[in-house]
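Undergrad: what would the 3D arrangement of this be:
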Amino acid sequence: PSFKLGMGAESEVSFGELDGTDVRVGIIKTRWNDEHVSNLVEGAKKALKECNVKDENVFETEIPGSYELPLAAKLLALSGTVDAVICCGVLIKGDTMHFEYICDAVSSGIMSVNLQTNTPCVFGVLTCLNEDQVKSRSSGDNNHGYDWGKTAVEMALLRNQALGMAGQKGKMGSMGFGEAKELDGDGSKKEKVGFF
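TA: All right, here's what the predicted structure looks like:
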């Protein structure tokens, strides 16, 4: 029996107004499948610009391949110079199990960096069965890099507010998080209550 694979899912994620004026984003791109990865990075940069992220607040570097993304993301996150990291790569299935091993290692590694560093690391790695699937997800109106850029800003804002970082007052209201309120007490120090 034969079956037809969908060539590209339309984005089902919607983003509200995001003000990334004070957000710093690192983009790590792979040189493997460079043409497609570069298209994805352009999509991410378009989204960052729409969110008012300043050009000087976007750091871009490159590494050999997707397997190296988790370590590069961890080093960048630990540097304290960015509020979010976008890991951009493309993996295309071949004839061996190599694809499955790399996909699993990269996705697990990037998730670990998120949790270990408290720095949002966007999984911007296309894992496709063929080059046609890659093209349909990395170009035109279906460039997944665009959503990754928006995700990076939203998660950076969430992180900064959750950790009480300066310069983020009032920027999360559209995402449903209220501002922490100071408690009036009996002369004791006022403190912010709650995670957000």
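Undergrad: Gly124 and His144: what is the separation?
TA: 7 Å (Cβ to Cβ, to the nearest Å). (Glycine included, C-beta is placed from N, CA and C.)
Undergrad: so these two - more neighbours on which side?
TA: Gly124 (28 against 22; other Cβ atoms under 10 Å).
Undergrad: what does that one show for phi and psi?
TA: phi -100, psi 50 (degrees, to the nearest 10).
Undergrad: how about the one 4 residues further on?
TA: Cys128 has phi and psi values of phi -120, psi 160 when expressed as degrees, to the nearest 10.
Undergrad: what sits against it?
TA: If you count contacts by Cβ atoms under 8 Å, 6 or more residues apart in numbering, Cys128 has them with Val90, Leu91, Ile92, Lys93, Val134, Arg137.
Undergrad: need the overlap of contacts for Gly124 and His144.
TA: Leu40.
Undergrad: need the strands for this protein, in chain order.
TA: 25-30, 58-63, 84-92, 121-128 (DSSP state E).
Undergrad: got the contact list for the second one?
TA: Residues from elsewhere that reach strand 58-63 (Cβ under 8 Å, 6+ apart): 24-31, 41, 45, 48, 69, 72, 76, 81-82.
Undergrad: which two in the residues you listed are spaced the farthest apart?
TA: Comparing all pairs in the contacts of strand 58-63 by Cβ to Cβ, the longest separation belongs to Arg24 and Arg31, at 23.6 Å.
Undergrad: neighbour-wise, which of the two wins?
TA: Per other Cβ under 10 Å, whichever of Arg24 and Arg31 has more neighbours is Arg24, with 18 against 13.
Undergrad: check the gap between that one and His36 for me.
TA: On the measure of Cβ to Cβ, Arg24 and His36 end up 26 Å apart.
Undergrad: ok, back up a step: make TSV from the contacts of Cys128 and add distance to Gly16 and pLDDT to it.
TA: Converted to TSV, the contacts of Cys128 look like this (distance: Cβ to Cβ, whole Å; pLDDT from 0 to 100):
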residue	distance to Gly16	pLDDT
Val90	29	98
Leu91	31	97
Ile92	34	97
Lys93	36	96
Val134	29	97
Arg137	24	96
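Undergrad: specify the beta-bridge partners of the spatially most central residue of the chain.
TA: Geometric centre of the chain, nearest residue: Val122, 2.7 Å, by Cα atoms, centre = their mean. Assessed by DSSP bridges, Val122 has beta-bridge partners Ile86.
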